Each structure stands twice: as C-alpha cells, then as structure tokens.
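> Sequence and computational prediction follow.
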Protein chains: 2
Amino acid sequence: MSADSVRGQDGRTTRRFALDLNMPSPPQAEFATYLGLCAQLYSGALPEYGFMVRNKTPFLFDLDGTLIDSVYQHVLAWQSSLDAEGIPLSVWRIHRKIGMSGGLFANILLRETGFDNTPERLERLRIRHAEAYKGLSASVYPLPGARELLAYLTAQGMPWAIATSGRMETAGHHLAALGVDPNKVPVVTRDQVKYAKPDPDLFLTAAERLGVDIRESLVLGDSIWDMIAAQRARALGVGLLSGGYGEDELARAGAFRVYADPADLLDHIDEVAARS
Amino acid sequence: MSADSVRGQDGRTTRRFALDLNMPSPPQAEFATYLGLCAQLYSGALPEYGFMVRNKTPFLFDLDGTLIDSVYQHVLAWQSSLDAEGIPLSVWRIHRKIGMSGGLFANILLRETGFDNTPERLERLRIRHAEAYKGLSASVYPLPGARELLAYLTAQGMPWAIATSGRMETAGHHLAALGVDPNKVPVVTRDQVKYAKPDPDLFLTAAERLGVDIRESLVLGDSIWDMIAAQRARALGVGLLSGGYGEDELARAGAFRVYADPADLLDHIDEVAARS
C-alpha cells in the first residue's frame, strides 16, 4: 500500500491511499495499517479522504482507427460527400477532423470554408458520407491485434467498453467483425449521448455503464479528439498510430503513451494497465 | 557580402563568399572588397574557393501530396491492390510509405510482411494500383495555392521543376490540371532515373535540367522520403502537411521549415527564398 497527499482547490489537504485489493496474501503489517486507516476514516479522525484502489484497469476504446482500420475510407467518403456539395477541402484537413462527432465535424468544416450549415445541407452531407463509406467498406478490416487484445482483457477479467462518435447503424457491422456482442459489452454510440468527441460524454457514459471510475480508466484512441476527450473526462489517454496521426500530434493532445496499433499495445500492456 | 571558411575532406580550407548580386546599389566599401577578391581569385592569390551567389532560389517540387491532392487516393489504391494479392496491411502503414518509388515501396512492404517479391507479383501490384487509382482519381484536384505558387515563381523568374516518384503516364493528367507544360518546365519522372526517392537522383536530375546548383535549391515535399532525398542531395527540404504527415515527422526527417500547403508556402515565401 502507498499513500500521498494532494491539496485541493478549496485549500484542504486530501490524503490518498492506494491499496492492491487483488494481492493474494497481503503482508500482515500492511494489512494492519489498512485496518487502522479504515478505523480512522469511519471514526472521522481523518477529515477528508480520497481512495485510490489499485484495481483492474478499465479500458475505454474508440472504434474507427483504434480497433477497426476504417479511417482512410471515412476520409475519402467525407471528401466525396463534400465534393458533391461543391465544397472544396483538402483531404488531409478532412483526415485531421475524423473522430469527431459527424455533425460537429460538418459544422466546423462548413464554418471554416464559409458555407452555410443549413439542416438540409448537413443531412445531405451525412447521407452521402454514409453511402460513399458503404461503397468503400468492403476493404475495411479489424486492425492487427484488435480481437486478441479484447480477448486478453476479457480473459483477465479487466473491464472494457467501446465509445464511438459513429452511429450504431455503421458500428454494428464493425462490432460483428470484431466478435463484439453489444448485448454483453457496453457500446456507447453517438445516438446515446448529447455531445460526441471531443466532449467527454461518450467516455463518461462508457465508464458509468461499466460501473467504474473514469479517473481510473484508460481511453484508447487514434485521434487527437479521443485524447482531448480523455483529458476532459480526467481519464488517461493512450494513443494509437493506426488512424494515421503522427506520434507527436497524439502526445501533444495528451496521450501519455503511444503505440502503433492494438497488437503493439497488447505486447506492451504491462506499461499502462494494472492486472489482477 | 559575407564570408566564411570550410574545411574539405581533402584537408584543404575553402574560403566562401556570399554576395547579393541583386542588390540595387552595393555600398562602395563592399564593392571594393568584392573587386579586390576577384582580383585575388584571378591572380591565383587564393588557392581554392567556393562561391555562393545569393541568387534566385530554385524550387524543386514533388508532385503527389505537394501540388496535387492525391495521396489518400493513392493510399487506398495500394490497399486495394495489396488486398487483391491477399497481403494484409494496415492502411496507415501504406500511407507512411507513399512517395517512395512504387517498386521500392512494394519491395519493402513485401519484405516486411514476409511475402515473396517475385517480378510477376510486383507487376500485378503495380497494375492493380494503377487501375484502382484511376477509379478514385475523379476526386483528385490541385492543392490550394498550387497553381498560384507556380505562377508566382514563373513571374519572378525563379527557376522551378517537378521531380516525382510517379510515372509520366499518371503524372501527365495531373500536370495538365496544374497548367504545367512538360515541354517548357523540367519534369523528372520515375522512368528517367535509376533510383527514385528516398534516393536523391530525382532532385539531382531536376537541378541539372534547370542548370542550377542542388546545394542552392529548395526541395518542396509532403513526405519524409522527399525530406530524406533532399538531405542526401544536399538541398534544403521544405515540408508541406498536405500529404497527411504530422509536422514533427517532417521536421525530424530534415524539413527546415513546414507549411500547411502551397497556399501557405506562397504566403510565407520570403522566409525561405531569395528573390530578385
């Protein structure tokens, strides 16, 4: 067990204790200390406390670009949709916006390019993107190691969920490819929250569904919007290069660690996750 | 005028003088120094010399991702070609290889994935990529500012050329979209050199065709292969984000300056180029 002190904004000091509840046979002295602290807490001898349990780390996954190799198809589908609307936009600029809520994405692009964002235009953009993506999605596969990583977490009893800015109608097909049953695993889609990424709502809802503390969770994502949402939710962000961002872009957006893809993350999982 | 000394591999010291020949009215003292140096040079009083003339900066351009917004279509065309061959490869890994010679690109990917690189397979990959790219190229346009930048250089009398790892059959269509006549402007394609990027041959040949010194030239490119080739050729590399690499990736590959796209470069051209 370890302990430290943090000073809150209200000026009061909080004493935090971290205890590995999964330790098979805690040393007697440590266990005695723990019982003593519990007694103090319940008796009110400690005025305020935070309690960090070293438990199995929850994994909150983005979907496109993180578990599924679909970013580049989404990019060209958006370009095709914008092109049909007469909106010229460089493809790399579309790429750097992918992972946001589709509505927010279109809003921002229309604002940047000076086009009106009427509801009719937004709806046409959404529909044409979905059509174009369908035409390109025959070549969309799970990323290397994605299925293995999820299977490992399940086998270890580590809680995990998926939180995507996409809608269930698109996500459903990809979940099947990953072998994920949304009736057994929490899958939070854009339809289920008010604001998608870079707002923290998707990841906060995923943590709630798992019954875990977001502040103890990892957010795994390929885009800077995942990393920003992770920070806003007070989770730790882990970046993957598999969406085509550079390592430095992810690190500057708050990724505390960056791996190539799910396979690379699985190879190095002890760097970021507490096991039982 | 400025001067410095460099020591060559043969151990002899070279004194280099940089003089702005375009200066409208050089101060008398500087001009006298210049005449004195000329006299010394011609009389043999200076045993060896290098001469850096501050002249109009030559621009050597990459094509795809630098002047033409075609990288993402090339990426998915390669994925389609590799997929047809049964070679699974994440799309972002293909992206990070684009800009290399197509043959070298396929060689490296086959080596990395453990597939045999038979001549037949390489030929099938090349043909299928070209077919798939054709199917996606209806949405390929010049990048913002590309035509304006080339027109500006021409108007200023600044020498420029294009050096691409692509072949003339693909490049021709894009050159027309840019308004570039390969009979008037040097265009070096993969067919014309032994080794494409990241070897320096394409840029060296472009400088030769222009009759300029590669060591006084800028190489403008969107990929790390352009920047590496620039360094190997002893040119200065200027990176553009329009191919989808991150700024840091380009800087680490040797870009001494990075801009968003040709329009952004044109806005800041005085930072990198000497004018008349």
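Done, it's in.

> which ones are touching residue A:206?
Residues in contact with residue A:206 (CB atoms under 8 Å, 6 or more residues apart in numbering or on different chains) are A:60, A:161, A:162, A:163, A:186, A:188. C-beta: built from backbone N, CA, C; applies to glycine.

> Over to residue A:102?
For residue A:102, the set of contacting residues under the criterion of CB under 8 Å, 6+ apart consists of A:126, A:129, A:165, A:166, A:167, A:190, A:196.

> Just the ones of these in helices?
If you go by DSSP state H, those have A:126, A:129 in helices.

> Identify the nearest residue to the residue of the stretch 101-250 of chain A found nearest chain B in space, disregarding sequence-adjacent positions?
Here the stretch 101-250 of chain A gets closest to chain B at one residue, residue A:246, 2.5 Å apart by CB to the nearest CB. Distances taken as CB to CB, 6 or more residues apart in numbering or on different chains put residue B:246 closest to residue A:246, at 2.5 Å, once the chain neighbours are dropped.

> go on, residue A:250?
residue A:239 (3.3 Å).

> wait, doesn't that neighbour sit right on residue A:258?
Yes: counting by CB atoms under 8 Å, residue A:239 touches residue A:258, with 4.1 Å between them.

> So the two - more neighbours on which side?
Using other CB atoms under 10 Å in any protein chain shown, the more surrounded residue of residue A:239 and residue A:258 is residue A:239, with 30 against 21.

> mind exporting the helix or strand containing the more buried one as CSV, just the C-alpha atoms?
In this structure, residue A:239 sits in strand A:236-240 according to DSSP states H and E. As requested, C-alpha coordinates have been extracted for strand A:236-240 and formatted as CSV (Å, rounded to 0.1, in the frame of the first residue of the first chain):
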residue,chain,number,x,y,z
LEU,A,236,-5.5,8.7,-19.1
GLY,A,237,-5.3,8.8,-22.9
VAL,A,238,-3.3,6.1,-24.8
GLY,A,239,-2.7,6.9,-28.5
LEU,A,240,-2.5,4.5,-31.4
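
> Tell me which strands it pairs with, and in which orientation.
As defined by DSSP bridges, the strand partners of strand A:236-240 come to strand A:218-221 (parallel), strand A:255-259 (parallel).

> how far out from the middle of the chain is it?
8 Å (CA atoms, centre = their mean, to the nearest Å).

> interface residues of chain A facing chain B?
Taking CB under 8 Å from any CB of the partner chain as the test, the list of chain A residues beside chain B reads A:69, A:71-73, A:75-76, A:79-80, A:83, A:88, A:90-92, A:95, A:136, A:139, A:141, A:143-144, A:241-249, A:261.

> any idea what sits nearest residue A:140, other than its immediate chain neighbours?
Residue A:140 sits nearest to residue A:70 (CB to CB, 6+ apart), 4.6 Å away.

> Am I right that that neighbour is in contact with residue A:142?
No: using CB under 8 Å, residue A:70 is not in contact with residue A:142, being 9.6 Å away.

> how about the contacts of residue A:102 in a markdown table, adding pLDDT and neighbour count?
What follows is these, written out as a markdown table (pLDDT from 0 to 100; neighbours: other CB atoms under 10 Å in any protein chain shown):
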| residue | pLDDT | neighbour count |
| --- | --- | --- |
| A:126 | 90 | 16 |
| A:129 | 93 | 22 |
| A:165 | 88 | 29 |
| A:166 | 86 | 23 |
| A:167 | 85 | 16 |
| A:190 | 89 | 22 |
| A:196 | 88 | 27 |
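
> biggest separation within the contacts of residue A:102, which pair?
With distance counted by CB to CB, no two of the contacts of residue A:102 lie farther apart than A:129 and A:196, which are 14.8 Å apart.

> How much space separates the closest residue to residue A:76 other than its chain neighbours from residue A:237?
Setting aside the residues directly before and after it, residue A:76 is nearest to residue B:72 in space (CB to CB, 6+ apart), at 5.8 Å. Summarising the geometry, the distance separating residue B:72 from residue A:237, computed by CB to CB, to the nearest Å, is 25 Å.

> and the residue nearest to residue A:135 when sequence neighbours are not counted, what is it in contact with?
The spatial neighbour of residue A:135 that comes closest, neighbours along the chain excluded (CB to CB, 6+ apart), is residue A:77 at 7.8 Å. Residue A:77 makes contact with A:129, A:130, A:132, A:133, A:135, A:136 under the criterion CB under 8 Å, 6+ apart.

> Give me the contact list for the helix or strand hosting the fourth one.
Here residue A:133, judged by DSSP H and E, is contained in helix A:119-136. With contact meaning CB under 8 Å, 6+ apart, helix A:119-136 is reached by A:73-74, A:76-78, A:80-82, A:84-85, A:102-103, A:106-107, A:110, A:115, A:169-170, B:76.
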